[in-house]
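*Asks:* Give me coordinates for this.
(chains A and B, ligands or ions: 4)
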Number of protein chains: 2
Amino acid sequence: MFAAIEAGGTKFVCAVGDQNYHIVEKIEIPTTTPAETMEKVRDFFSQFEIKSMAIGTFGPADINRQSPTYGSITTTPKEHWQHYHILGYLKEHFQIPIVFDTDVNIAALGEAKFGASKEVKNSIYMTVGTGIGVGAIVNGEMLQGLSHPEMGHIIVKRHPDDDFVGSCPFHQDCLEGMAAGPAIEKRWNKKAYLLEKDDFVWELEGYYIAQALISIILTLSPEKVVLGGGVMKQRQVLPIIHKYVQEFNRNYLSFPQLEDDIAEYIVTPGIEGLSAIKGALYLAKTQLNED
Amino acid sequence: MFAAIEAGGTKFVCAVGDQNYHIVEKIEIPTTTPAETMEKVRDFFSQFEIKSMAIGTFGPADINRQSPTYGSITTTPKEHWQHYHILGYLKEHFQIPIVFDTDVNIAALGEAKFGASKEVKNSIYMTVGTGIGVGAIVNGEMLQGLSHPEMGHIIVKRHPDDDFVGSCPFHQDCLEGMAAGPAIEKRWNKKAYLLEKDDFVWELEGYYIAQALISIILTLSPEKVVLGGGVMKQRQVLPIIHKYVQEFNRNYLSFPQLEDDIAEYIVTPGIEGLSAIKGALYLAKTQLNED
Ligand SMILES: Nc1ncnc2c1ncn2[C@@H]1O[C@H](COP(=O)(O)OP(=O)(O)O)[C@@H](O)[C@H]1O
Ligand SMILES: Nc1ncnc2c1ncn2[C@@H]1O[C@H](COP(=O)(O)OP(=O)(O)O)[C@@H](O)[C@H]1O
Ligand SMILES: [Zn+2]
Ligand SMILES: [Zn+2]
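*Replies:* Ligands and ions are numbered 1, 2, ... in the order given. This next block holds a predicted model:
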């Protein structure tokens, strides 16, 4: 049996899966203090015989295996979790191989192995939720350089009719500051799901996401782009994103993926809600084979 | 002996090297018509006994090995070369393994194996010249997805005091349209090297290059950034780039590379003038071992 954890800011999803990556059991644990949350995580997994484990966590996190603080959350605004060493706790209680990465990276991996991007070797997964995060798969593997990608904070041009200052505490009007769930709610002073019928809200949203996507496409040249997260539940934004990606491209990149086939190129998740957990199961199992 | 070609818009550089990647002989051929240019290329290499060859070309080019037009230039503004099949010509005259890629990709490879980024596994090489091109090395290998990266055309925010419309025929004011050599010369109506003493020219230049770099750094998380090309001969622009990269980052990414160590992070080439040729020699030899 293999263990998977998706550690999110509001809840931890824990699951065990068999060697065909079928989920055998799965629970959700509310994210409170580390002590309380991690004890429940431990109790859940203690019921099973587990060969290896993978965890994808909210960030920023230290995923550099050579680093002395590998396996810890770093500078999150969630006070209790600042510099908390998740991997350390898990390693103390489970003497098995455990891999640590970010939630979006393992979601990208899940989509790449089982979901919307399973036919290609290069893809990205972007989540538009409380924050904006992007995981990238290059040549079948999660992209990692100096650290994990941080594409959520890419620079975007303002829409001429948008005077919202932006909500990113670092950059104000970066992508996340203009287009994440909290940015929408601050700009319009309403819950995002209540804005469903307001066309201009989603026009702006598509405008900013498309800008970031075109920069990412020019940089990584992915063969598939997958968009998930709470905000993308508003499916009406997807064709607006398509429209603006084409508009920003101005026929420069001339692939069918950016022209007639764009609706199959920029898509919603193939295994929505399970992208990260399935990615973690995959990572846990393949990691074991490598060790 | 191994053969290397750097196919540029103004000249072709051809070289042969030994198995330690030492250059044995090297010539430059002006880029005129394909027939004339390629004949001289053939004549040069015919003098040697060559085991394999690699060519890095100006773009856009089809570098997808599965594509039926692999090995050709695609939609260049250089009329004679549009859809010219360089690889086809070479394969006809040399029955050896030949690899085809872009000039910036092989320059990135050259710097990664022998130059400024040889200590790391993830790096980028940006050339700021007639155009702006970027090659990326991920995990020691050239990044390739749907196609080669096209980061030269990334979206940038205008500087508030810059009213130049931009010179990119597709996007007008993308990075290349604002910061490549021809953009500088159009904006100021002077040759770029004559503007050496004008501070605001280089302030603007640094502003745009830094913006693109921060987006690329957020996306690829390179461990080293190398800047080459004609415009970068103006070394005074480098510290301005450092300043703006830090300004745009706003302490978000907190690595020493973006703080105190930025002068060793964003650098000029380690083997200036030879990055592409040495990269091609490396590619030619390693390719042979794989075939
Ligand atoms: N149905 C919806 N329509 C629009 N926005 C939504 C919807 N559901 C959630 N959101 C937005 O998404 C954010 C939560 O993102 P989500 O991806 O669910 O979780 P998280 O990013 O915290 O893991 C909230 O800020 C909210 O604004
Ligand atoms: N010393 C210099 N100072 C400033 N700009 C230069 C200098 N040398 C060349 N350039 C600019 O660089 C461009 C040529 O770039 P280069 O990298 O030499 O060739 P290419 O990009 O064609 O391969 C020209 O447009 C010119 O404006
Ligand atoms: Zn930001
Ligand atoms: Zn452009």
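*Asks:* what about the residue of the stretch 101-250 of chain A found nearest ligand 4, neighbour count?
*Replies:* Taking CB to the ion, ligand 4 has its nearest neighbour within the stretch 101-250 of chain A at A:Arg250, 7.7 Å off. The C-beta positions use only the backbone N, C-alpha and C, and glycine is treated the same way. Neighbours of A:Arg250 under the rule other CB atoms under 10 Å in any protein chain shown: 15.
*Asks:* And the closest residue in space to it that isn't next to it in sequence, its phi and psi?
*Replies:* Nearest non-adjacent residue to A:Arg250, counting by CB to CB, 6 or more residues apart in numbering or on different chains: B:Phe170, 4.7 Å away. The phi/psi pair for B:Phe170 (degrees, to the nearest 10) reads phi -90, psi -50.
*Asks:* And the pLDDT for B:Phe170?
*Replies:* We have a pLDDT of 92 for B:Phe170.
*Asks:* Quick check: whatever residue of the stretch 1-150 of chain A ends up closest to ligand 1 vs A:Met142, distance?
*Replies:* Closest approach of the stretch 1-150 of chain A to ligand 1 (CB to the nearest ligand atom) occurs at A:Gly129, with a separation of 2.4 Å. Computed as CB to CB, to the nearest Å, the A:Gly129 to A:Met142 distance reads 20 Å.
*Asks:* got it, and A:Val165?
*Replies:* 34 Å.
*Asks:* Looking at these two, which one has more neighbours?
*Replies:* Legend: neighbour count by other CB under 10 Å for A:Val165 and A:Met142, higher for A:Met142 (21 against 13).
*Asks:* Quick check: bridge partners of that one?
*Replies:* Counting by DSSP bridges, A:Met142 is bridged to A:Ile137.
*Asks:* My understanding was that it contacts A:Gly135; is that so?
*Replies:* Yes: checked against CB atoms under 8 Å, the pair A:Met142 and A:Gly135 is within contact range at 6.6 Å.
*Asks:* List the contacts of A:Asp198.
*Replies:* Taking CB atoms under 8 Å, 6 or more residues apart in numbering or on different chains, we find A:Asp198 in contact with A:Trp188.
*Asks:* roughly how far apart are it and ligand 2?
*Replies:* 47 Å (CB to the nearest ligand atom, to the nearest Å).
*Asks:* Against ligand 3, how distant is that residue?
*Replies:* 25 Å (CB to the ion, to the nearest Å).
*Asks:* can you check A:Thr75 too?
*Replies:* 13 Å.
*Asks:* One more: A:Ile106?
*Replies:* 22 Å.
*Asks:* quick one: secondary structure of the residue nearest the centre of chain A?
*Replies:* Nearest to the mean C-alpha position of chain A, by CA atoms, centre = their mean, lies A:Val104 at 2.5 Å. A:Val104 carries the three-state label helix when classified by DSSP: H, G, I helix; E, B strand; the rest coil.
*Asks:* got the contact list for the strand or helix carrying A:Lys40?
*Replies:* Here A:Lys40, judged by DSSP states H and E, is contained in helix A:34-46. Here helix A:34-46 makes contact (CB under 8 Å, 6+ apart) with A:3, A:5, A:12, A:14, A:16, A:27, A:29-31, A:53, A:80-81, A:84, A:86, A:89-90, A:93-94.
*Asks:* distance between the ends of stretch A:252-263?
*Replies:* 18 Å (CA to CA, to the nearest Å).
*Asks:* I figured A:Asn105 hits A:Met151, correct?
*Replies:* No: when contacts are counted by CB under 8 Å, A:Asn105 is not listed as touching A:Met151 (11.7 Å).
*Asks:* How is whichever residue of chain A sits closest to ligand 4 assigned, secondary-structure-wise?
*Replies:* Using CB to the ion, the point where chain A gets nearest to ligand 4 is A:Tyr252, with a distance of 6.0 Å. Counting by three-state DSSP, the backbone at A:Tyr252 sits in coil.
*Asks:* quick one, strands of chain A?
*Replies:* For chain A, the strands defined by DSSP state E occupy A:2-7, A:11-17, A:23-30, A:52-57, A:98-102, A:123-128, A:132-138, A:141-142, A:224-228, A:266-267.
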